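Peer 1: Predicted model, plus sequence, below.
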Amino acid sequence: MIDFSLLQTQPIDSLNIQEELAVVAEKLSTTPVTVLVSELLDKAVAFGLKVLAALAIYLIGAWAIRKIKGVVGRIFERKKTDAAIASFVQSIISIALTVILIIITIGAVGIDTTSIAALLAGGGMAIGMALNGTVQNFAGGIMIIAFKPFKAGDYIQAQGYEGTVSEVNIVSTKLTTVDNRSIIIPNGALSNGTVNNFSQNQLRRLDWTVNVEYGTSIDDTKKVLMDILKSDIRILNSAKGAPADPFVALSTLSDSCIKFVMRGWVHTADYWDVNFEINEKIYNELPKNGIKFPFPQMDVHVHKD
């Protein structure tokens, strides 16, 4: 039987190639053909079995990955997790498991996977350095998933923009503004910046500032403003779960007017409708009750010597 390991006894750069080839040629000339064929068949059968085993490992692994994705998807459905976040996590799991499966499959064929793992690590480092901003956005996406500062459907304000979150993917978040524009914000900036989420809480407080002219009765003004608040059933009181009852008070004595503050709690979904309608009621009801709105003014006194 031919021992081909002679070629591997020392580094290639120190071999005398001609001498080794002569040794191999001599072995071939002195070995019967039947022995050579038998050896080649044995090696072919052994290699074929390894290939079949690797193929079986890959098929079983691919089936297992699909099952794992299905289980994770059902868990997200039971917990009513945001669809964008669920898709993001499933993609990460699928990619990671597929890479592991490929390495295991290559190892089953008999190929040394140490060099492949090192190559992947080196390639990953190089790609990471080249795509530094993308990696930061990727990490920001993971932070958003972990801490959940917002979800699809929330109305947020961030990075100088505001709108409804329509999509959260691996590296960015898409907002749809009230005038139907699409704003794409990198997740790295979102995870490191301030996010104002208007939809996270079920209740929000509305504040109004009402200016009236000096000389107006404080009690009459407070009564009219309180009546306006109580006339809208969407403005909640403590009996309906609000943190506080509707509130009216004199807040500031300014240069040209006195300022009253009005506060009322509403459901988040009613915020803007109530805000606009109460503004209209203030404008219509105060003049009807003899309460006038002020104009900026300045009194000038002239003294003669």
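Peer 2: Sure, I can see it.
Peer 1: rest of the way, CA atoms for contacts and neighbours
Peer 2: OK.
Peer 1: And stretch 263-282, what's buried?
Peer 2: If you call a residue buried by 16 or more other C-alpha atoms under 10 Å, then stretch 263-282 has these buried ones: 263-267, 271, 274, 278, 282.
Peer 1: Between the two ends of that stretch, how far is it?
Peer 2: Its start and end residues considered, stretch 263-282 measures 13 Å (C-alpha to C-alpha, to the nearest Å).
Peer 1: so Ala249, which of the three states?
Peer 2: Here Ala249 takes the strand state, with states given by DSSP: H, G, I helix; E, B strand; the rest coil.
Peer 1: Was I right to think it contacts Arg263?
Peer 2: No. Ala249 lies out of contact with Arg263 (C-alpha atoms under 8 Å); the separation is 9.2 Å.
Peer 1: So which residues of this structure form helices?
Peer 2: 17-30, 33-78, 83-109, 113-130, 132-147, 187-192, 218-230, 271-288 (DSSP state H).
Peer 1: In terms of secondary structure, what does the shortest one contact?
Peer 2: In this structure, helix 187-192 packs against helix 132-147, strand 172-176, with contacts taken as 3 or more C-alpha pairs under 8 Å, 6 or more residues apart in numbering; DSSP states H and E.
Peer 1: List the contacts of that helix.
Peer 2: Contact with helix 187-192 is made by 136-141, 143-144, 158-159, 171-173, as judged by C-alpha atoms under 8 Å, 6 or more residues apart in numbering.
Peer 1: try 7 Å
Peer 2: 136-137, 139-141, 143-144, 171-173 (C-alpha atoms under 7 Å, 6 or more residues apart in numbering).
Peer 1: rewinding a little: any chance of the buried residues of stretch 263-282 in TSV, with distance to Lys230 and pLDDT too?
Peer 2: Output for the buried residues of stretch 263-282, formatted as TSV (distance: C-alpha to C-alpha, whole Å; pLDDT from 0 to 100):
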residue	distance to Lys230	pLDDT
Arg263	11	96
Gly264	9	96
Trp265	11	96
Val266	12	96
His267	15	95
Tyr271	16	93
Val274	12	96
Ile278	11	96
Ile282	13	96
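Peer 1: Sort out which one of the residues you listed lies nearest Ile93 for me.
Peer 2: The closest of the buried residues of stretch 263-282 to Ile93 turns out to be His267 (C-alpha to C-alpha; 38.2 Å).
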